[in-house]
Structure formats: structure tokens, C-alpha cells
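1. fold the following for me, if possible:
(chains A and B)
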Amino acid sequence: MPEKFWRTPLDIEKISKFKAEIHILKDQCKGCGFCIQYCPKKVLEESDEINARGVHPPRVVDEKNCILCSFCTAVCPDFAIFVKEKQCKDGC
Amino acid sequence: MSKEEIRIGVYVCHCGLNIAGSVDCKEVAEFAATLPHVVLARDYRYTCSDQGQALIKNDIREYRLNRVVVASCSPRLHEPTFRKVCEEAGLNKYLFEMANIREQCSWVHLYDRKAATEKAKDLVKMAVAKAALLKPAREIEVPIIRKALIIGGGVAGIQAALDLADTGYKVYLVEREPSIGGMMARIDKTFPTMDCSICILAPKMSDVGHHPNIELLTNSEVVDVKGYIGNFRVKVSKKPRYVKEDCSACGECSKVCPMTAPNEFDAGLALRHAIYTPFAQAIPSTYIIDMNLCLNKDGVIVCDKCVKACERQAIDFTMKPETVELEVGTIIVATGADVFDPSALPQYGYGKYLNVITSLEFERLINAGGPSGGRLIRPSDMKVPKRVAFIQCVGSRSNKTGRTYCSNVCCMNTIKNSLLIKEHWPETEIYVFYVDIRAYGKGFEDLYKRAKKEGVIFIRGLPAEIIEDKRTRNLWLIGENTLLKEPYKMDFDMVILSVGLEPRKDSEVIQRLLTLSRTQDGFFMEAHPKLRPVDAATGGIFFAGCAEAPKDIKDSVTQASAAAARAGILMAKGKVTVEAITPFLDVEKCKACGLCTRVCPYNAITLNKELKRIEIVEAACVGCGTCAAECPSDALTQNYFTDEQIIAQIDAVTERDADKKIVAFCCNWCAYAGADFAGVSRMQYPPNVRIIRTMCSGRVAPKFVERAFARGAAAVLVAGCHPGDCHYINANYHTQRRVERLWKKMEQNGLNKERLQLLWVSAAEGERFASKIYEMQKIAENVTPEEIEHAKKVFQKSGGA
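-> Next comes the predicted model:
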């Protein structure tokens, strides 16, 4: 059980951050909401736009929070979402 | 039964001047000679000496004594000695009785020779009255399982485990954290030799991991203990690690784990992943998944990065908690201590000011394997501080925090830490604010001198307050230098709070499971502070390390080896005798009502419904006597504490001047020990109290109290362990129930119920006992002769006087 500490850990900057690129195939989405519901880091939410299938596809709240677990891909019945690690040179 | 003539020998001990200083021992002996059945009464300077023992043995033969009474110190001290003397002279040891005229007479009435002598006479009279009714008894032998359980895998537990395992016994070492090592593993260097802590501990940890006689159960907790000395049945709940032992500790899994939390091992100064090992030298080295943090905590595999990274396929999310059942003969409690949380002291600003750290955080910062790689840095700006202050006694020796004791390790720890700073950054200015510096151990004073020589400045007087400079995050310490009697206000880059040790917050769990006692400080209490410092009062259980009191590594290791030796003695013998104070059933009188089975805390009495008979398992019985007090038809008799013996004692007390006396029933473990402690501490209290010892307050049958009142006693005290601390699990709840019923009866009959008092007092609360006697003395003084007569009448029938 993680204990509670008041101090910010000194190495918080050093621990490698995940750089995720979330791809949503909006028109393939049927709006079931599984990805939103099951994302462990709550990276997704329902958007306002309406897609080709007449539903609200998800949108990314904060890509930085994504930990690349790809559970959204696993639960999506319509193969409408996938995550890739950002391949960046410098400055990202 | 043959009617042999009863021949009692009485020995009144001077104990040098300890008793003779305030009791006229000669007069007491002369008085004893006049008592019925007494054929010989002597006073002797040191009865427990070899000569004294020889004298008794000789007298037993020469005068054909068949009962012996020694009036000296507490039976808790020398009863075993004199019992042995009797045995050696061919007398059954249960034909011996003691009168406690030192702890409960001479030492508590130092300045009233007359009253003390009168009281001593009464105490001897009570002992003689009981002795006349003593019967020989035979002790049963119980085999001891040659396996040991050690609870806690800090340095104390490790040492005890290795010692016992090397002796050849099977050892189960239970540790609740994922790795053994405890507090010592987190410390950088040890004082006074400045050895690297983990470097000297790690080989021992590794030995534990590989020892063929040691079974290591980490991530596990003891959840149930049943049984008794030599035969404990223990249940250990083993939480899953979710990583199999195939793990090679390569660490690839940790690298890919997306979840992080502060590492407890580093006092939260560094992060760890959900799959982790607490520190590099951890034993077992197998990684562990913190399921509260892992993404898969809800039972759905959301993330399988670690599984993919693990070449040896050691990760198994399907592991379940298991309960391991162990059978052991001895138990060593090495559960350690907690560290004081200084956020309880707002004047130091811990938890608010970034650069105020605790000594434990300091250890991690100065440690090369720690979060800063051994660079001492200010958490606010990661710079090396130039001016550092240590504040001593944070959470020790203070009434405010409720921790009045000295934590033993902090002075030397600070001195060691100041030298460590000087070693790496000699220019650092170091100030230590202290109350007293206690450098009492071997090599400690030299280290203290060295620190002073290196330029560490010691200032007597703790700061009253710390104020932070909001801009620089520097800290202003304001207080008084009590040697110079002048105020100071100094600024520092960093302040280290030298935090004390405190009992584990969940100590009561182990206390309850093993029926242990704790001192007022909350640490576990030993059977005797001088002569049995590692034994618990409960047979077969021993202490090692900080569980018993704060101590440094050396003392912990010493005590651990001692505990291992003590446990080893028991297991080498292979058997233990159970004191013959178990109940005896009179089948003729027993109506098989089953009331006794309901009060027995150990389920040692059962009702055989088919045969309509009570059955007693002697080996499971520990002799509290609660059953005997509960039996409505007097069918159960507790050996050595029979109804007639106790009533004889009551009658002896109340024969003369009953209306001025307080009859006190005290349980052996807490109340009687508390009264002894009052004596050892020379706390004075009124001399009109007469204590009758029972093993448990649960033995005090209502009829004893009624008897005392029927015989005209002014007041009666029933005293036992605090609820929850009962040596016999919960037997004292029955005491409470019985006393409440008596109070009701007194009220209904128009009696002042204040005359019957119930007191919960621990073995460490001598003061509480003494003040209760003062309080009762006032009650006894105010009782009128009419009230005494009235009580006599009310209780005549039930008390049977």
C-alpha cells in the first residue's frame, strides 16, 4: 500500500515520462464509451462533435497523462483507437 | 486422606535492612511462633542466601516440617528459589507459601515501624493460615516443539533467527514488509565506529535467505496465535507478491512500469514503480507488485508491460493470499519501533518548511544509494547547505508529545551525522541544539569529543520556534541558550529534526495475539527488568530489539542473541512443566451446568453433553482460576488457590481490627506486580491494606468479597489488569461483571458501594495503586460502626462468616 508523504520526491523529473500519441479514428467510433470508461488514467472524454455514425466520439483531455497501456485499443469494439509512442528527435 | 499433623516452619527475613529497617523482624517471628500449627519460627538476615537455604533444609529434616512459610520479598522474585529449597529437602514445592513483607510492607511504610510491624504480623498470619491448608501437587510435563517463530525481520529478528538456526532449530521468520532488513537497512552509517550500515547488514540478510534452517515469510503477518508455551499454533497470512521466485531481479519490469509512488524505504524522497524492489540489497531479491498501485488492481489485466518485459516469465497476476499454519515451541517478538512524526510539533514547521527534514530523511540523503546519490541537498533548491542545525529530543523526553522517555539513539545518531557532514563538506557549519547529550556507551564519548574537535558547536536549549524566510527558504531558529542564559536567533540553510522512537502504532495487535503487557510508554514489558530482561511474562515468548524499548543496533543484536539463547534453553530441554495451579473437578458436586466452559478464556474446559460431564484439558489450562470463581456449586477447586485457602486468608486479616482494614485482591500479573512496583519505587501509602494474591482477578469469587464484609472489613479492593491487557485474554471482564453485580447488591441493601472498589492497574503503575489506597483509606475512615454491622448482616448468609 503506497504510504502518503508530504514532500515531492526528488527524482520526480528524472523518472521517464511517457510520450504518447493517441490516434482516434473518429468516424469508425460508435460511441459506446468503453475507452473513456476504462482508461486507467482518465485521458479521454466525450467530445461535442458528431461523427459520420451520428455519435460523439471521444477526445483527448491530456495526452501527457497517457501511459501507453493500450487498454483502449483492447476494449474498443470498432478498432477506432490506438496509441503509439511518440518518436521524436529533440525537444519533445 | 491421612490426618498427618501439620508442622509449619516460619522464616522472617531481615533482607539486611531492607525489611529490618522498618519492621521488627524478631517481634514478627515471636508472633509467628504463637500461631496454630507453627512449630518453629526464626528471623534470619538473608534467607535467600546459601546459608539461609541450608538452614531451611536442615530444619525441614530436623523438625519434620511439612509446610514452610518465608516472610521476605515478593513471591514474584523468590518463590521459585524457596520452592526449590523445599523440593531439595524432600518437601513438595506446593507446600510452601510466601508473605511479602518487603515490597508490600517495609518499603511502603518506611517511616512507621509500629504499623509496618503490625502489618507484617498480619501478612505472616495470612500466609500461615493458607499454608496449613496447602496440599501437595504434581506438575504435568508438556513437550516443547523444537521450532521457533520470529516476528519481525529487522536486525534483531535477523540475529535471533541466525543464532537459533545455527544452533540447529527450525526457524520461521515473519516480516510484514517485502524485504527483511528493517530500520538498519535504511541507515547510512552506524555509530560509534562509522561502519557502513547496509554493508554489515547485507551479509547477514543473505545468510538468512540461504540458511537451510530458516523459512523466510516476507510480506506476511501473524494473524492468530493459539496454544501455550512449547505448543503454539500460529496462523500467518502471506500476501501475494505476484512475482514468482524465478525472478532474477534484473529490473527490466520496473523500467517499463508506468505507475509510480513514493518509495517508503527512501522516506518518500524517491519514486518507485508499482513493480519494484524496495532497495538493491533486498532479501528476498524477488520483485513485488504493489497491487494497490498497479493498473490491474481491479482484476482486469489493463497493462501487461512488465509481463512482456520479463524474460523469465516470473510475473503471475493470479497469485492469491494464503494462510500458512505453523506449529512452534517458542516465539521471539522483534517487531521494532516506529519513528515519531514531527508534524505533531507545529513550532518546527515540519511538513510546511521544505528544508526542515527528519533524521531518517537525512540518512537517505547522505546515503550513496539514496535518492540524491549521497549528496546532502536542501530539498528547496537541491544545493548543498552551508549551515546546518540539528534539533535533539524531537518527540522524546517531553510531556507535550506524551513521550516522556529518552529514545536512546538520537544523541549519538546526531553526533555521527554531524561527523559525516564534516567528512564530506568540512566547511559546513554545524550546530546541535540539545537538552542533554547522552554519550553513555562504549566509544560514544570519544565520538562526541571528536565531533567537538571537528568544530561542531553544541548549544544547550532547544529552539522555541523555527521561522522560514519565504524568499531564501532559510530557517531562523529562535530560543534560549540555557547555559549562557541568553536568547539566540540564528539562521540556517537546513534543519534536521532528531526524531525519537515510539512504540509501533499497531502494537496492540501483537499484544492481544500473544497476551503481552506493555509499559506506560507503550513498549512491551519484560518479565523482570533486571533478571529476566528478554522474557515476556507469558511463557515461551521473548523480546528482541526496539519492541521492548528504544535501543541502538549493538543493544538490539545483544538482546537478540540473548532471546535466542533463552528460547534455545527451552527447546533444548524439550519439555516444560506446567505449574500445578489447574482446577480440580469434584464430580459429585458438579451439575454440568456449563457455566465454567463459558468463562474459560482458553477453552480448556468443555462440556461433554452426552456424558453430562465437564472435561478439563490440563495442558491447555493456564491456571487463571476464573472457572473456579464462576462455579455455582463449588465443584471446581483451583490448586494452590482453593476457596478454603483464600477464605482462611480473609479470616486471618479480619480476625482483629477488621473495621480499620482494607482487604485487597490483586492479580499476580498486573495489580500485584503494580503493588510490588510501588514498593520497589518506595512509594508510601497507608498501612491498613492487606493484599491477597490470586493469579487473575477472575479468580475473585463474589463470595470472597462478601466474606470480607461479613467479617467486618471496612473496605474491599479488587484489582486486575486493564481491560484488554488481561494476562488471560479476557478473564478480567468476568471480574468486572461480578463486581458490578456486587455493587448492585450493596445498593439494594442500602450499603455504601464505595466500600467496594474495582481498580485496573498495570505492573508499571505503582503510583496508581498507591493513590488508590490513599483514596480507600479515606473511605475506610468514614465507615461508621453501624455501617460495618449492617454489611455484616447483609452478607452473613452468602459470605457464611
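
2. from now on I want contacts and neighbour counts done on CA atoms only, so please keep to that.
-> OK.

3. low-confidence stretches in chain B?
-> B:1-3, B:799-801 (pLDDT under 70).

4. interface residues of it facing chain A?
-> When proximity is defined by C-alpha under 8 Å from any C-alpha of the partner chain, chain B lies next to chain A at B:258, B:261-264, B:267-271, B:290-293, B:295, B:302-305, B:351, B:354, B:371-372, B:379.

5. burial measure for the closest residue to chain B within chain A, as a count.
-> Minimum separation of chain A from chain B (C-alpha to the nearest C-alpha) falls at A:Pro9, amounting to 4.4 Å. Using other C-alpha atoms under 10 Å in any protein chain shown as the criterion, A:Pro9 is surrounded by 20 other residues.

6. could you flag which of the residues of chain B next to chain A are buried?
-> A residue is treated as buried here by neighbour count (16 or more other C-alpha atoms under 10 Å in any protein chain shown); on that basis the buried members of the residues of chain B next to chain A are B:258, B:261-264, B:267-271, B:290-291, B:293, B:295, B:302-305, B:351, B:354, B:371-372, B:379.

7. just the ones in helices from those residues, please.
-> In helices, judged by DSSP state H, the following of these are found: B:Lys305.

8. I'd guessed B:Lys204 sits against B:Ala156; true?
-> No: here B:Lys204 lies out of contact with B:Ala156, judged by C-alpha atoms under 8 Å, at a distance of 11.1 Å.

9. what's the local residue count around residue 22?
-> Went with chain A since none was named. Counted with other C-alpha under 10 Å, the neighbours of A:Ile22 add up to 21.

10. oops, chain B please
-> Other residues within reach of B:Ser22, judged by other C-alpha under 10 Å, total 23.

11. contacts only, for the closest residue to it other than its chain neighbours.
-> Counting by C-alpha to C-alpha, 6 or more residues apart in numbering or on different chains, B:Arg113 is the residue found nearest to B:Ser22 once chain neighbours are left out, at 4.8 Å. Remark: with contacts taken as C-alpha atoms under 8 Å, 6 or more residues apart in numbering or on different chains, B:Arg113 is in contact with B:Ser22, B:Val23, B:Asp24.

12. wait, a helix at B:Leu360?
-> Yes: B:Leu360 sits within a helix when classified using DSSP: H, G, I helix; E, B strand; the rest coil.

13. tally of neighbours for it?
-> The tally of other residues near B:Leu360 (other C-alpha under 10 Å) stands at 19.

14. what does B:Lys320 give?
-> Summarising burial for B:Lys320: neighbours were counted as other C-alpha under 10 Å, giving 12.

15. can you tell me how far the residue lying closest to it once chain neighbours are set aside sits from chain A?
-> Computed as C-alpha to C-alpha, 6+ apart, the closest residue to B:Lys320 that is not its neighbour in sequence is B:Pro240, at 5.7 Å. The span separating B:Pro240 from chain A equals 13 Å under the rule C-alpha to the nearest C-alpha, to the nearest Å.

16. wait, what's in contact with B:Pro240?
-> B:Asn219, B:Met319, B:Lys320, B:Pro321, B:Glu322.

17. and of those residues, the nearest to B:Ala763?
-> B:Asn219 (34.1 Å; C-alpha to C-alpha).

18. how long is stretch B:60-76 end to end?
-> Counting by C-alpha to C-alpha, to the nearest Å, you get 23 Å between the two ends of stretch B:60-76.

19. run through who's touching it.
-> Stretch B:60-76 is touched from outside by B:6-15, B:19, B:39-40, B:47, B:59, B:86, B:89, B:91, B:95-104, B:124, B:127-128, B:131-132, B:134, B:673, B:676, with contacts defined as C-alpha under 8 Å, 6+ apart.

20. show me the residues you listed that map onto helices.
-> If you go by DSSP H, the contacts of stretch B:60-76 have B:Asp59, B:Cys86, B:Val124, B:Ala127, B:Val128, B:Ala131, B:Ala673, B:Asp676 in helices.

21. up against chain B, what does chain A have?
-> If contacts are counted using C-alpha under 8 Å from any C-alpha, the residues of chain A sitting beside chain B are A:1-12, A:15, A:18, A:40, A:67, A:69-71.

22. now, of the residues you listed, which are buried?
-> Those of the residues of chain A next to chain B that meet the buried threshold are A:Pro2, A:Arg7, A:Pro9, A:Leu10, A:Phe18, A:Pro40, A:Ile67, A:Cys69, A:Ser70, A:Phe71, by 16+ other C-alpha under 10 Å.

23. filter these down to the ones in strands?
-> Helix and strand membership here follows DSSP state E; of those, not one is in strands.

24. let me know whether B:Tyr350 touches B:Glu361 as I believe.
-> No: counting by C-alpha under 8 Å, no contact exists between B:Tyr350 and B:Glu361, whose distance comes to 11.9 Å.

25. can you pick the most crowded of the contacts of B:Pro240?
-> Ranked by neighbours (other C-alpha under 10 Å), the contacts of B:Pro240 are led by B:Asn219, which has 18 neighbours.

26. doesn't B:Ile180 make contact with that one?
-> No: counting by C-alpha under 8 Å, B:Ile180 is not a contact partner of B:Asn219; they are 9.4 Å apart.

27. check the secondary structure at residue 82 for me.
-> All of this refers to chain A. Taken by three-state DSSP, the conformation at A:Phe82 corresponds to strand.

28. beta partners for it?
-> A:His23 (DSSP bridges).

29. residue of the stretch 1-150 of chain B nearest chain A, please.
-> Ranking the residues of the stretch 1-150 of chain B by distance to chain A (C-alpha to the nearest C-alpha) places B:Ile150 first, at 23.5 Å.

30. which element is that residue on?
-> With secondary structure defined by DSSP states H and E, B:Ile150 is part of strand B:147-151.

31. next: B:Ile478.
-> Following DSSP H and E, the helix or strand that holds B:Ile478 is strand B:475-481.

32. other SSEs contacting that strand?
-> Helices and strands touching strand B:475-481, by 3 or more C-alpha pairs under 8 Å, 6 or more residues apart in numbering or on different chains; DSSP states H and E, are strand B:463-468, strand B:486-492.

33. any buried residues in the last one, and which?
-> To tie it back to what came earlier, the one meant is strand B:486-492. B:Asp491, B:Phe492.

34. angle of that strand against strand B:475-481?
-> Going by axes from the mean of the first three to the mean of the last three C-alpha atoms, to 10 degrees, strand B:486-492 is angled at 160 degrees with respect to strand B:475-481.

35. hmm, who's touching strand B:486-492?
-> Residues from elsewhere that reach strand B:486-492, judged by C-alpha under 8 Å, 6+ apart: B:Lys386, B:Arg387, B:Val388, B:Ala389, B:Asn474, B:Leu475, B:Trp476, B:Leu477, B:Ile478, B:Gly479, B:Glu480, B:Asn481.
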